[in-house]
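1. task: produce atomic coordinates for the following.
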Amino acid sequence: MKIRNPGTPRGRLFVFQHPETAGKSFGLFFSGQDIQRLHMLKAAREGFEAVLPEALPGWTMDSCSISDLDNVQYEVEGLDPDRVVRFCLEDFVDTSAVFYRRRAEAALKRLAASADLALPDLRAGSVATGADFFNREKELAALWENAEKGKDSILRAPRRYGKTSLARRLCADPRPGWSACYVDLEGGQSPEDFVFSIFRELFDTAECMACAPPGCAPEDLKGLTADEKADFRDKKQVAIEEDWKKEGDALFALLNLEKSKLLIILDEFSFLADNIYEKDKNELHSLLEWFETIQQNKKKELAFIISGSEHLPTYLESIGLGKRFSNLAPVHLGTFDEETAKDYIFLSMARQNIQLSPDECGDILSIIGKPIPYFLQLFLDALAKKCLDKKKLDHGDIEHEYRCGLLGVDGKRHFESIFRQLDHYGRKDKSFTGAAEDVLSALAHGPVRRETLQEKWRKLTGDANSFQWMFDLMRDDFYLAEENGKIRFDSTLLKDWWRLRARRPFEKQGRP
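-> You can find the predicted model right below:
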């Protein structure tokens, strides 16, 4: 893994031409020092020519020498100089002239799909938007197909898998004839918050305002000052607090769906449900009953997506609220598969001007284990910073950055939100926090039979019946899996992190 040599503005250019729109064409540039390795250049040209028909059907490819990349528009007619990306031959060909077909496909598809020719950036902890949003076409298609068939969906995944980024993508790029409204329910404490959150997004979000009910539509608010709009919003909030069911019924009954169908995405529903339950179980039951009625009676032009943790339906059933959301079509969001993860590593590190081999991509995955998007980005970000500093990293450096950087003192802040979930367990019963720690500490040393953990849980809490639904919570929060009657960490990173912190008693070591 090394920083790319910027080379000279003289070199070889592969131009990929869109069959209809010249402005979508782009080029890959290999600088002067590369063109001296003719056997590698020949393999790259022939490889790209072979992969192009499958990667970008209808496109054509030309190859030419460039004397000055800074003035490429004068040497290649019709090519926008801003649509040329620098690579090095080692990105696509090894020294024995073996072509990396998978990488070439990934680069071509990504660049052709990006309006600004941007590769994905590292955005750990932030919502991935635009070119930074990667893959997930299958899940996007499934959610839209459900909506167009009149089905509501439940988007389920453990924490840090990218549910919010996917939800935001649906809103940023709706299908023709649709508007999409993103509603963030995290922090909500009541049914009133649920209804007001939906109203607020319809009222404030430009993409959704056209579907707002009479009195809230753009034509109704035209001419109002910012203060007058704020007063209107405040009055609506008061009305919702006085009778949330009445206001909620009116909101959905009066939606304007003549010009556009509407997809409402209710993100972080798990947090809202848990917060309401902690205050009043009956209030949560009332909200769920009411919302099911809304779903049953809604207009055909309206669709919902409930986005929450993988365990949400099981959790609701375990606290005595019955089987919920069984009428919703489930869409599960998983991690990247190994090859997709390698594509992401290659392209995102190329964005950082770092060149790494396919074997180095494999090393990163073998060290970190299952490529949970958030943690994969954390590791890549740490490696990029170290590489920019040292100019070159070998396998030992990559391993060291994992052990001493990501899992060390400098990386502890990245795990704080996960650790706080243990305190959250204590809201259900004070003994649950310590019991969960003991379970995780046992699993950090290897798989453990379910009945062994369940008995351990019973001794620590006095409640064997709570183990199953607490395990469902921990499965999402700490990436656990069950196979052949044994429970284990499904994330090498989380296992290694917990094993390090579990070396000493909790009371003596403090929190990471």
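2. could you use CA atoms for every contact and neighbour count after this?
-> Will do.
3. wait, Asp152 touches Lys299, no?
-> No - taking Cα atoms under 8 Å as the definition, Asp152 is not a contact partner of Lys299, at 12.0 Å.
4. ok, these two, which is more surrounded?
-> When neighbours are counted by other Cα atoms under 10 Å, Asp152 and Lys299 differ, and Asp152 comes out ahead with 25 against 16.
5. need the contact list for the more buried one.
-> Asn146, Ala303, Phe304, Ile305, Asn327, Leu328, Ala329 (Cα atoms under 8 Å, 6 or more residues apart in numbering).
6. and it, how close does it get to Asp463?
-> Counting by Cα to Cα, to the nearest Å, the gap from Asp152 to Asp463 is 36 Å.
7. cool, and Glu145?
-> Distance, Glu145 to Asp463, using Cα to Cα: 43 Å.
8. contacting residues around Ile398?
-> Counting by Cα under 8 Å, 6+ apart, Ile398 touches Ile364, Leu383.
9. that one in helix, strand or coil?
-> Under DSSP: H, G, I helix; E, B strand; the rest coil, the three-state class of Ile398 is helix.
10. same question for Ile487.
-> Counting by three-state DSSP, the backbone at Ile487 sits in strand.
11. ok, it touching Leu480?
-> Yes - the pair Ile487 / Leu480 is scored as a contact, 6.9 Å apart, by Cα under 8 Å.
12. re earlier: please pick the buried ones from the contacts of Asp152.
-> Neighbour-count burial (16 or more other Cα atoms under 10 Å) applied to the contacts of Asp152 gives Asn146, Ala303, Phe304, Ile305, Leu328, Ala329.
13. for Gly130, grab the count of nearby residues.
-> 18.
14. what does Ile154 give?
-> Count around Ile154 with other Cα under 10 Å applied: 25.
15. quick check, it in a strand?
-> Yes - checked against three-state DSSP, Ile154 lies within a strand.
16. residues in contact with it?
-> Per Cα under 8 Å, 6+ apart, neighbours of Ile154: Ile305, Ile306, Ser307, Gly308, Phe325, Leu328, Ala329, Pro330, Val331.
17. then Arg499?
-> Arg499 is in contact with Ser441, Ala444, His445, counting by Cα under 8 Å, 6+ apart.
18. Val127: which of the residues you listed is nearest?
-> Nearest to Val127 among the contacts of Arg499 is Ala444, at 29.9 Å by Cα to Cα.
19. these two touch, right, that closest one and Ser491?
-> No - between Ala444 and Ser491 there is no contact under Cα under 8 Å: 10.4 Å.
20. which of the two has more neighbours?
-> Taking neighbours as other Cα under 10 Å, Ala444 and Ser491 compare with Ala444 leading, 22 against 19.
21. end-to-end on stretch 186-196?
-> First residue to last in stretch 186-196 (Cα to Cα) measures 13 Å.
22. can you list contacts of it?
-> Contacts with stretch 186-196, where a contact means Cα under 8 Å, 6+ apart, come from 185, 237, 240-241, 244, 247-248, 267-269, 271-272, 275-276, 283-284, 287.
23. show me what counts as buried in it.
-> Glu186, Gly188, Gln189, Ser190, Pro191, Glu192, Asp193, Phe194, Val195, Phe196.
24. pLDDT below threshold where in the stretch 151-300 of the chain?
-> For the stretch 151-300 of the chain, the stretches with pLDDT under 70 are 217-218.
25. and the helices in it?
-> 163-172, 191-204, 206-209, 218-221, 226-242, 244-253, 269-279, 281-297 (DSSP state H, counting those that start in this stretch).
26. same list, those helices, but as TSV with distance to Asp121 please.
-> Output for the helices of the stretch 151-300 of the chain, formatted as TSV (distance: least, Cα to Cα, whole Å):
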stretch	distance to Asp121
helix 163-172	14
helix 191-204	28
helix 206-209	26
helix 218-221	36
helix 226-242	36
helix 244-253	39
helix 269-279	28
helix 281-297	38
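27. so for Leu316, which of the ones you listed sits nearest?
-> Checking those against Leu316 by Cα to Cα gives helix 269-279 as the closest, at 8.5 Å.
28. between that closest one and helix 281-297, how big is the angle?
-> 140 degrees (axes from the mean of the first three to the mean of the last three Cα atoms, to 10 degrees).
29. list the buried residues of helix 269-279.
-> Result for helix 269-279 [16+ other Cα under 10 Å]: buried residues Phe269, Ser270, Phe271, Leu272, Ala273, Asp274, Asn275, Ile276, Tyr277.
30. got a pLDDT number for Ala104?
-> At Ala104, the pLDDT value in this model is 97.
31. that one and Val51 touch, don't they?
-> Yes - at 7.4 Å, Ala104 counts as touching Val51 under the criterion of Cα under 8 Å.
32. ok, those two, which is more surrounded?
-> Legend: neighbour count by other Cα under 10 Å for Ala104 and Val51, higher for Ala104 (21 against 16).
33. measure the more buried one to Gly47 for me?
-> 8 Å.
34. which of the contacts of Ile154 fall within helices?
-> Using DSSP state H, the subset of those located in helices is empty.
35. inside strands: which ones of these?
-> Ile305, Ile306, Ser307, Gly308, Ala329, Pro330, Val331 (DSSP state E).
36. could you work out the most separated pair of those?
-> So, the ones in strands among the contacts of Ile154 by Cα to Cα: farthest apart are Gly308 and Ala329, at 13.4 Å.
37. now stretch 444-452: average pLDDT?
-> Stretch 444-452 comes out at a mean pLDDT of 94.
38. where exactly do the strands run in this structure?
-> 2-3, 11-17, 26-31, 60-66, 84-86, 153-156, 178-184, 261-267, 302-308, 329-332, 354-355, 448-449, 480-483, 486-489.
39. returning to what we had before: ok, the buried ones among the contacts of Asp152 vs Gly408, which is closest?
-> Ile305 (38.5 Å).
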